[in-house]
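1. predicted model follows, preceded by the sequence.
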Amino acid sequence: MISRRDFVATGLSAAALAAVAGIPALAASEAPKARRVRWGVNYVPSRNWWYSWGDWHPDSIRRDLEDVAALGVDHMRIQLIWPEFQPNASYVSEEKLDRLTQLLDFADEARLDVEVTVLDGQLSGFLFIPSWLVDNQTGKVHNFIADPALVEAQVFLFETLGRRVGAHPRFLGFDISNEVYWATIPLGLPVTTAQGDAWMRALIRACERVAPGKMHVNGVDKYPYEDDTEHIFSRAALATTGAASVTHPWEGFGDVPGGLYKQFGPLSTPAVHFTEFLIQLLHAYARDPRRPVWIEEFGCSKQWVEEALIPEWAEHSIRNSVSCANLYGMTWWCSHDPSPRFRGMDRLEYDLGLYTNDRRIKPMGKRLKELIASFDASPPAVLSRPHALVIADGAGADSVRDRYMKLVDSGVRAQIVRKSRARDKAYLLSHGITSLID
């Protein structure tokens with residue numbers, strides 16, 4: 001009989017341990033099979049935030065994942081710290097690979113699938129740039145999006161990670177980056193849309209080579225979809241590259257401090273229908289009528305909304321979102337509040353968790369747990385949307401949102417269709433669209 005202590009020491013996965021003990025292992029896809037929409041959290045370690053990779057405490061990680069599993073979610077998204085894992089262009093840390101594998105083993109115990117986010121842009125207000133990207137003569141950061149040799153170094157990282165964890169029963173896939181433009185912009189790295197698209201496609205191809213068929217995506221927030229100008233990624237590439245279209249809605253960020261909550265009110269139509277609206281906008285840019293959309297981050301801070309109202313806002317927003325077809329999943333940011341001993345984050349970063357830093361469940365955590373249980377008991381239905389709002393081909397969210405919200409207020413829950421597809425009868429039929437609204 002192998003004890004848990006022995007299994008950690010020998011590096012056996014939980015699935016391998018189960019096989020040794022004669023216990024059937026739970027496949028990664030079993031838990032969420034009955035769910036039309038998957039539920040998850042962005043895991044933030046309660047003890048050492050993501051500095052955990054360098055100051056590793058396995059027992060604390062395991063306890064955190066027990067908290068996550070207790071919510072009833074089926075997956076979580078995690079963040080690697082790029083310079084910790086790849087301190088040299090041609091070297092990936094074996095120690096950090098071992099720790100990643102152990103985290104996946106703990107996730108297996110908790111029956112949680114894991115999306116591994118590899119390259120950090122802005123992660124809770126911090127940039128993580130490997131020293132080998134910095135010119136030691138000028139101090140400038142080399143353009144890791146546009147330089148082919150640096151892209152190859154990143155491909156090497158993904159291939160190394162994939163060989164280690166790609167076949168793990170709890171490995172869901174790679175998110176290639178966390179909102180990478182929030183690294184390139186403050187670092188002054190000029191990136192054309194063509195370069196950004198090429199970078200994204202090269203890394204997704206590398207992911208597919210080493211771990212085929214997994215949920216490989218590019219984790220972007222609403223920025224690439226906001227205005228009518230395309231920036232680092234084209235919407236066409238975002239809509240056709242990887243296993244799903246991804247967005248992080250974040251209603252609290254915007255031109256007005258506090259975003260839509262302050263502009264219209266936390267329970268207003270724009271605040272509680274914004275994520276639904278973005279799902280429809282992402283669908284409009286996709287070629288495949290069945291392409292999934294993943295709300296990979298969503299959440300709310302008491303810096304934006306009275307704390308007692310956050311669960312109410314969240315329930316309305318979630319229910320509106322799950323009325324959409326082809327919604328892959330919704331993944332709350334985040335599991336645990338970061339410790340206040342770590343300085344330098346915006347105030348809102350310290351209260352986004354479903355649990356406090358000392359692992360006490362918060363009202364929002366209780367509400368999400370209740371919602372997941374209710375959806376498991378009575379799966380949410382897809383709302384019929386025979387009407388479609390016609391938008392200009394290059395329109396972004398900022399120029400479309402008010403029109404969409406007026407339709408909602410009038411009782412119409414619409415799809416969105418770009419003008420170039422508005423006369424395509426086969427396209428309209430495949431989406432169940434029978435009338436157009438100009």
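-> On my side now, so go ahead. Numbers count the residues shown, from 1 in each chain.
2. going forward, measure contacts between C-alpha atoms and count neighbours the same way
-> OK.
3. now the strands for the stretch 201-350 of the chain?
-> Under the criterion DSSP state E, counting those that start in this stretch, strands of the stretch 201-350 of the chain are mapped to 217-219, 245-247, 293-298, 327-333.
4. apologies, that question was intended for the stretch 51-200 of the chain.
-> 75-79, 113-120, 122-123, 126-127, 171-178.
5. any chance you could list what contacts the last one?
-> Contacts made with strand 171-178 from outside it, assessed by C-alpha atoms under 8 Å, 6 or more residues apart in numbering, are listed as 28, 104, 113-123, 165-166, 200, 203-204, 207, 211, 214-220.
6. ok, back up a step: tabulate the strands of the stretch 51-200 of the chain (JSON lines), appending mean neighbour count and mean pLDDT.
-> Below are the strands of the stretch 51-200 of the chain laid out as JSON lines (neighbours: other C-alpha atoms under 10 Å; pLDDT from 0 to 100):
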{"stretch": "strand 75-79", "mean neighbour count": "25", "mean pLDDT": "98"}
{"stretch": "strand 113-120", "mean neighbour count": "24", "mean pLDDT": "97"}
{"stretch": "strand 122-123", "mean neighbour count": "18", "mean pLDDT": "88"}
{"stretch": "strand 126-127", "mean neighbour count": "16", "mean pLDDT": "94"}
{"stretch": "strand 171-178", "mean neighbour count": "25", "mean pLDDT": "98"}
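7. out of these, nearest to residue 435?
-> Residue 435 lies closest to strand 171-178 among the strands of the stretch 51-200 of the chain, at 36.7 Å (C-alpha to C-alpha).
8. that closest one vs strand 113-120, what angle?
-> Counting by axes from the mean of the first three to the mean of the last three C-alpha atoms, to 10 degrees, strand 171-178 lies at 20 degrees to strand 113-120.
9. where's residue 156 relative to residue 209, distance?
-> As defined by C-alpha to C-alpha, to the nearest Å, residue 156 lies at a distance of 12 Å from residue 209.
10. those two: who's more crowded?
-> A count of neighbours by other C-alpha atoms under 10 Å puts residue 156 above the other of residue 156 and residue 209, at 19 against 13.
11. can you dump the C-alpha atoms of stretch 409-421 in CSV for me?
-> The C-alpha coordinates for stretch 409-421 follow below in CSV (Å, rounded to 0.1, in the frame of the first residue of the first chain):
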residue,chain,number,x,y,z
ASP,A,409,-34.7,46.8,-22.3
SER,A,410,-37.3,46.4,-25.0
GLY,A,411,-37.6,42.7,-24.4
VAL,A,412,-35.4,41.5,-27.3
ARG,A,413,-32.4,39.2,-26.4
ALA,A,414,-30.6,39.3,-29.7
GLN,A,415,-27.7,37.7,-31.4
ILE,A,416,-25.2,39.9,-33.3
VAL,A,417,-24.3,39.5,-37.0
ARG,A,418,-21.7,41.4,-39.0
LYS,A,419,-22.9,43.3,-42.0
SER,A,420,-21.0,41.0,-44.5
ARG,A,421,-22.9,38.0,-43.2
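12. residues making contact with that stretch?
-> Residues from elsewhere that reach stretch 409-421 (C-alpha under 8 Å, 6+ apart): 269, 280-281, 283-285, 385-393, 404, 407-408, 427-428, 433.
13. next: stretch 208-220.
-> In contact with stretch 208-220 (C-alpha under 8 Å, 6+ apart) are residues 115, 159, 162-163, 166-167, 172-180, 200, 204, 207, 238, 241-248, 296.
14. give the buried residues for stretch 237-254.
-> 237-252 (16 or more other C-alpha atoms under 10 Å).
15. any idea how far it is from the chain center?
-> Relative to its parent chain, stretch 237-254 has a centroid offset of 8 Å by C-alpha atoms, centre = their mean, to the nearest Å.
16. and stretch 316-335, what's buried?
-> Buried residues in stretch 316-335, counting neighbours by 16+ other C-alpha under 10 Å, are found at 317-335.
17. got it, and stretch 284-294?
-> Neighbour counts over stretch 284-294 (16+ other C-alpha under 10 Å) mark 284, 285, 286, 291, 292, 293, 294 as buried.
18. start and end of that stretch, how far apart?
-> End-to-end distance of stretch 284-294 (C-alpha to C-alpha): 15 Å.
19. sketch out the low-pLDDT regions of the protein for me.
-> Residues of the chain meeting the criterion pLDDT under 70: 1-33.
20. could you redo the last one with a cut-off of 90?
-> Residues of the chain meeting the criterion pLDDT under 90: 1-34, 120-122, 125, 255-257.
21. how does it divide up, domain by domain?
-> Segmentation of the chain into domains, based on automatic domain parsing, reads 34-382, 384-438.
22. most packed of those domains?
-> Most buried of the domains of the chain, by mean neighbour count (mean count of other C-alpha atoms under 10 Å): domain 34-382, with a mean of 19.
23. now what about stretch 314-334, what contacts it?
-> Identification of contacts with stretch 314-334 by C-alpha under 8 Å, 6+ apart yields 36-44, 76-77, 244, 271-276, 279-280, 290-299, 352-354, 367-368, 371, 380-383.
24. next, the distance between the ends of it.
-> Using C-alpha to C-alpha, one end of stretch 314-334 lies 13 Å from the other.
25. then stretch 402-416?
-> So stretch 402-416: terminal residues 13 Å apart, C-alpha to C-alpha.
26. contacts only, for residue 160.
-> By C-alpha under 8 Å, 6+ apart, the contact set of residue 160 is residue 92.
27. quick one: the residue nearest to the spatial centre of the chain from residue 290, how far?
-> Note on the chain: the residue nearest the mean C-alpha position is residue 296, at 2.6 Å, using C-alpha atoms, centre = their mean. Between residue 296 and residue 290 the computed distance is 18 Å (C-alpha to C-alpha).
28. for residue 404, same thing?
-> For residue 404, the distance to residue 290 - C-alpha to C-alpha - is 22 Å.
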